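A.B. asks: here you go, sequence then predicted model.
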Amino acid sequence: MNSEQLVISKEEIARRAYDIWQARGCPPGDGTADWHAAEAQLMAARIHRGHSTQQRAQSWWQRVRKKVRPATY
């Protein structure tokens, strides 16, 4: 999954934030918390669709090991 696939449009976030706001009973406020919650939910859904957690962890671990290999003198 590349970074372009993780881009979420403002329209998508706005629709999800509106749904969250309605589910909370349409309380007064500026909606910042709903916006951030929507962004987080959509990003998590994108990442989840791209790879399983185990695959992501293994991939991350392989990249770390390549960077941290002990120096041989």
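C.D. replies: Yes, it's here.
A.B. asks: tell me the contacts of residue 16?
C.D. replies: Contact analysis of residue 16 by Cβ atoms under 8 Å, 6 or more residues apart in numbering lists 38, 41, 42. In this view, the C-beta of every residue, glycine as well, is placed from N, C-alpha and C.
A.B. asks: which elements pack onto the longest helix seen in the chain?
C.D. replies: Counting by DSSP state H, the longest helix found in the chain is helix 32-50. Applying 3 or more Cβ pairs under 8 Å, 6 or more residues apart in numbering; DSSP states H and E, we find helix 32-50 packed against helix 10-23.
A.B. asks: could I get the buried residue list for the helix it packs on?
C.D. replies: Within helix 10-23, the residues scored as buried using 16 or more other Cβ atoms under 10 Å are 13, 16, 17, 20, 21.
A.B. asks: ok, back up a step: give me the next element, helix or strand, following the longest helix of the chain.
C.D. replies: helix 53-67 (DSSP states H and E).
A.B. asks: how far off centre is that following helix?
C.D. replies: Put simply, helix 53-67 sits 18 Å off its chain's centre (Cα atoms, centre = their mean, to the nearest Å).
A.B. asks: over to stretch 15-24?
C.D. replies: Relative to the centre of its chain, stretch 15-24 is centred 18 Å away, using Cα atoms, centre = their mean.
A.B. asks: send over it as PDB, restricted to the C-alpha atoms.
C.D. replies: Extracted in PDB, the C-alpha atoms of stretch 15-24 (Å, rounded to 0.1, in the frame of the first residue of the first chain):
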ATOM      1  CA  ARG A  15     -19.400  12.900   5.800                       C
ATOM      2  CA  ARG A  16     -18.000  10.600   8.500                       C
ATOM      3  CA  ALA A  17     -17.700  13.500  11.000                       C
ATOM      4  CA  TYR A  18     -21.300  14.400  10.300                       C
ATOM      5  CA  ASP A  19     -22.400  10.800  11.000                       C
ATOM      6  CA  ILE A  20     -20.500  10.800  14.200                       C
ATOM      7  CA  TRP A  21     -22.000  14.100  15.300                       C
ATOM      8  CA  GLN A  22     -25.500  12.900  14.500                       C
ATOM      9  CA  ALA A  23     -24.900   9.600  16.400                       C
ATOM     10  CA  ARG A  24     -23.800  11.700  19.400                       C
END
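A.B. asks: lovely, talk soon.
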